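>>> here is my input; please provide its structure:
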Amino acid sequence: MELGLTGKTVIVSGAASGIGRACARAFAEEGANLALIDIDERAGSALERELAAAVPCIFISADMTNDIEVAAAVDSIAGSFGGIDIAIGSAGISGPFGLGFEDISAAEFSRVMEVNVLGQFLLARQTAKYLRASDAGSLIFIASDSSFVAAPGMVPYNASKGAVLQLTRALSVELSPSGVRVNCVCPSIVDTPMARADLDISLDSLDLIDFPVQRPEQVANHVLYLASSCSAPVNGTSLVSDFGYLAKSSFPA
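So this is what the prediction gives:
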């Protein structure tokens, strides 16, 4: 299948690790121009060197919750490549894990919302004018199955991912008249450094029939599809990647 991504300019936030890194590598394999954004300068620069051997690639260290830094990064990227076609919002944090909501401070809750929701909003806000000017404008957020269901002990994360889902829908309404599509991918547990750091149990032990774990590269393939012309009619929706668990009733029949 020809995805038509060769020569497209793609921004990936949160590109230094996990799903973001897998997305960057996947777009590089398709021949896209890559612009990587992350606060981890060391890991981001290493990925830039890796991908620049195959495709035009630049890395900019920026805090996705800082409007001034995001604006400067986006404008610099557009200036370097002559525009922006696709933006991938992959930066995110888990926040407090395994705590009752009454034990979570206002600052902790706000920080998760800031990174996971405000960061996506700022990416959209600053890239919008460039995406409108593209003939293939596409904005894709990494959400979660937690956009739909809530696991205990993860109130800030659950709330933030629910907000990302609705942000996707709201922005699609705002941007679709300009020909820009906005979608999100909602995976269940993905084997990333963040997941391994947050879960008290080994992800390897979860990779069973009851709790399958997916790879970042599998999520990246969904992102490629949503960014490509193959998904031209797809807008304002979520691609749920959860092995069918949302469809399964818990009723003991």
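
>>> so residue 85 makes contact with residue 8?
Yes: between residue 85 and residue 8 there is a contact at 4.3 Å, judged by CB atoms under 8 Å. The way it works is simple: take the backbone N, C-alpha and C, and place the C-beta from them, glycine included.

>>> mutual contacts of those two, please.
residue 136 (CB atoms under 8 Å, 6 or more residues apart in numbering).

>>> do a quick rundown of the strands in the chain.
9-13, 33-38, 57-61, 86-89, 138-142, 181-187, 238-241 (DSSP state E).

>>> now render those strands as a markdown table, adding distance to residue 194 and mean pLDDT.
Listed next are the strands of the chain as a markdown table, based on distance: least, CB to CB, whole Å; pLDDT from 0 to 100:
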| stretch | distance to residue 194 | mean pLDDT |
| --- | --- | --- |
| strand 9-13 | 14 | 99 |
| strand 33-38 | 13 | 99 |
| strand 57-61 | 19 | 99 |
| strand 86-89 | 15 | 99 |
| strand 138-142 | 11 | 99 |
| strand 181-187 | 12 | 97 |
| strand 238-241 | 17 | 94 |
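
>>> for those, which one sits closest to residue 218?
Proximity to residue 218 (CB to CB) singles out strand 238-241 among the strands of the chain, at 7.0 Å.

>>> I'd like to know which elements that closest one is packed against.
Helices and strands touching strand 238-241, by 3 or more CB pairs under 8 Å, 6 or more residues apart in numbering; DSSP states H and E, are strand 181-187, helix 216-227.

>>> neighbouring strands - and their directions - for that strand?
Strand 238-241 has the following sheet partners, assigned by DSSP bridges: strand 181-187 (parallel).

>>> just the helices and strands packed on strand 238-241: most buried one?
Stretch with highest mean neighbour count among those: strand 181-187 (a mean of 25; mean count of other CB atoms under 10 Å).

>>> got the contact list for that strand?
Against strand 181-187 from outside (CB under 8 Å, 6+ apart): 19, 124, 137-145, 147-148, 161, 164-165, 168, 171-172, 175-176, 214, 218-219, 222-223, 226, 231-232, 234-242.

>>> do the same with stretch 126-137
Under CB under 8 Å, 6+ apart, the answer for stretch 126-137 is 4, 8, 11, 67, 70-71, 74-75, 78, 83-87, 138-139, 175, 178-181, 229.
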